[in-house]
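Q: what's the 3D shape of this:
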Amino acid sequence: MKIKIPEKECLELLSLYDGANNHILSLKEKVKSDYYKLNSNQINYVISNNETIPKIARKYITIDSFFSSELQETRLLPLPPKKIWVEKILIETKKAYHVWGKIIDADDLHSFWLPKSQVDQGGQDNKKKLTVDYDQFSHRPVMDHQKLAIENLLKNDNYILADDMGLGKTTSAVIAGILEGNKKTLIICPSSLKINWKREIENYSQDTIEIIESNKWKDASYIIVNYDILKNFHSVDDDSIRTIVNSNIDRIIIDEAHYVSNQKAKRTKIINDLSKRVGSVWLLTGTPMTSRPINYFNLLKLVESKVTDNWVTYVRRYCEGRQFRAPNGMRIWNVNGASNLEELREKTKDKITRRLKEDVLNLPDKIITPIYLELKSKEYKKEMGDYISWSDENRNESLSIHLAKLTKIRQLIANEKLKFTKELINDTLEQDKKIIVFTNFTEPLMTLHEEYKKKSVILYGQMTKEEKQKSVDDFQNDPNIKIFISNIKAGGVGITLTSAEVVIMNDLSFVPSDHSQAEDRAFRIGQKKNVSCIYPIFDNTIERIIYNMLQKKKRIIGAVLGDSDNNYSEDVMTELFNELHNI
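A: Okay, here's the model as predicted:
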């Protein structure tokens, strides 16, 4: 049998070895047998470490309490060992010691790996103390709960901010980056959120911002790129594609970071490699673990959490990991379970801030959050252009005729919005929260219901009273019904939907009180949690103008009730036409 070159080199090194590494000495004895064959790990070990001189220790090392419990379980010990005897440290790697010692006194001396993360460091807290001047942000004051998020980011080069939706993760990351003094920040996010990031940065900084499209790279203080086009600017395998690395990025912020939970995905491999090269990464996500601890692993690895030192240990301990043999003979891991979650939470708490809305004391009961998007639609541009041309020649037509002309455009926007509304729904479902979605039109209502058939109920004007009430009752009482999809007029008044924690306005009405009253379907007597009301807004459309005017009207009148609605609708329409003609 032909011996491969590394094996040949290893055997030659073993034959000459007279050092003090007991593991190498034991391999030297074993290869004297014709039946013993070295594996690749052993070969690499000998080649890499034959010249390393072991260090004499001869002392007990205190181990982490969780590792102690794990050893008790795996070795069937009567008590968890608190200390391990280390005779020698054979070699040291970045994450582990290879030692010659024994786990319990009754053992014979043998070699084993001891992860550095499992060695008790005495509970020392090396976090730097911070004094932060928040007065510089007085034009848009920082909320008290955001200060903790900002300061935790500042204390850590690599960190996960996993606060609940509505708690202002984007704002916290932007302010932390400014306080950190970053010269160049790369923001990676879904395509739909690029405009929102740009607007949030502009609230606090005058620095240059570039949104990257397709394969056209532009340099700036803040560079915003979506997941889908990352491959155009960085490759794991091709050294010629290094645009991002060559741009001297000193901070990466990854929004909706649960998008990189799948270690096998191409974008995950790109981001993992980028993060290693840059060395500073903040992850933002409202769903850090999604539904399984295995989906948490890569996020923890990106921020260099100690629990990710060994993948096998992680999946066995926290994912009920088990191996089985497939029909083709391959051994496959099943890692879809969940176990020891309290322990996982305890061991990762130094790398993550996670708070639900109900944990934060200074929040308003109803949190209204606009999210700005960009609409790319030739159809919208055509329809809007046709309306403007018609309107220029028919400015004296009645408001009702103008409203009818705009209806087609509003329907187009409502349908285009569905893609992002589904993303919001999916993120909320991952957190096991109930959602209300309001729309002005039947088509998006039915489309969403078809998409989430088994998890949703609907309510619209043509339904009978009995059918409407059944939808309300099912949503309130059935744990399997997670989504209430309603026409804003038909479902915006007179019903109670306090099972919901999230309200999504898929598209806008012209009447301010329509939204206020619809929001309050969830925020009513009996609601014990904070309610997040999310307004996805297409920033480059008529919808942005409508939203700004509606917010101004709400500020002026507080809440519009009763018979005044139509008058305010006319006010909005008149102002809208004036705005459109001024563009």
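Q: Okay, Asn477 and Val457: tell me how far apart.
A: Distance, Asn477 to Val457, by Cβ to Cβ, to the nearest Å: 11 Å. All C-beta spots, glycine's among them, are computed from the backbone N, C-alpha and C.
Q: So if I had to pick from the two, which one is more boxed in?
A: In this view Asn477 and Val457 are compared by other Cβ atoms under 10 Å, and Val457 has more residues nearby, 21 against 9.
Q: residue contacts, the nearest residue to that one once chain neighbours are set aside?
A: Of all residues not flanking Val457 in the chain, Ser471 sits nearest, at 4.0 Å (Cβ to Cβ, 6 or more residues apart in numbering). For Ser471, the contacting residues are Val457, Ile458, Leu459, Met463, Phe484, by Cβ atoms under 8 Å, 6 or more residues apart in numbering.
Q: three-state assignment of Ser471?
A: Under DSSP: H, G, I helix; E, B strand; the rest coil, the three-state class of Ser471 is helix.
Q: And it, what's its pLDDT?
A: Confidence at Ser471, expressed as pLDDT, is 93.
Q: what does Leu497 give?
A: Leu497 is given a pLDDT of 85.
Q: before we move on, what about Ile545?
A: For Ile545, the model assigns a pLDDT of 86.
Q: same deal with Lys28?
A: Lys28 is given a pLDDT of 92.
Q: Ile209 too?
A: Looking at Ile209 specifically, the model assigns a pLDDT of 96.
Q: what's the closest non-adjacent residue to Tyr296?
A: Using Cβ to Cβ, 6+ apart, the closest residue to Tyr296 is Met289 (4.3 Å).
Q: Kindly report the same for Asn232.
A: Taking Cβ to Cβ, 6+ apart as the measure, Asn232 lies nearest to Asn215, with 4.4 Å between them; neighbours along the chain are not counted.
Q: can you tell me how far that neighbour sits from Leu130?
A: Computed with Cβ to Cβ, the distance linking Asn215 and Leu130 is 40 Å.
Q: repeat for Gly321
A: Plainly put, Gly321 is 39 Å away from Leu130 if you go by Cβ to Cβ.
Q: neighbour count winner among those two?
A: When neighbours are counted by other Cβ under 10 Å, Gly321 and Leu130 differ, and Gly321 comes out ahead with 20 against 12.
Q: pLDDT score for that one?
A: Predicted confidence (pLDDT) at Gly321: the value is 86.
Q: wait, isn't it in contact with Asn334?
A: Yes. Taking Cβ atoms under 8 Å as the definition, Gly321 is a contact partner of Asn334 at 7.0 Å.
Q: Tell me which two of the contacts of Ser471 sit farthest apart.
A: The most widely separated members of those are Met463 and Phe484, with 13.0 Å between them, by Cβ to Cβ.
Q: between those two, who's got more neighbours?
A: Relative neighbour count places Phe484 above the other of Met463 and Phe484, with 27 against 16, counting by other Cβ under 10 Å.
Q: ok so that one is a helix residue?
A: No. When classified by three-state DSSP, Phe484 is found to be strand rather than part of a helix.
Q: Which strand residues bridge it?
A: On the basis of DSSP bridges, Phe484 takes part in beta bridges with Ile436, Val457.
Q: could you measure it against Phe510, distance?
A: Using Cβ to Cβ, Phe484 is found at 23 Å from Phe510.
Q: and if you look at Gly321?
A: Using Cβ to Cβ, Gly321 is found at 55 Å from Phe510.
Q: And Lys552, by the same measure?
A: Where Phe510 is concerned, Lys552 sits at a distance of 13 Å (Cβ to Cβ).
Q: of the two, who's got more company?
A: With neighbours defined as other Cβ under 10 Å, Lys552 and Phe510 compare such that Phe510 has more, 21 against 13.
Q: shaky segments in the stretch 1-150 of the chain?
A: When the per-residue scores of the stretch 1-150 of the chain are filtered using pLDDT under 70, the ranges that remain are 1-4, 120-129.
Q: And the strands in it?
A: With strands called from DSSP state E, counting those that start in this stretch, the stretch 1-150 of the chain shows them at 55-62, 83-92, 96-102, 110-115.
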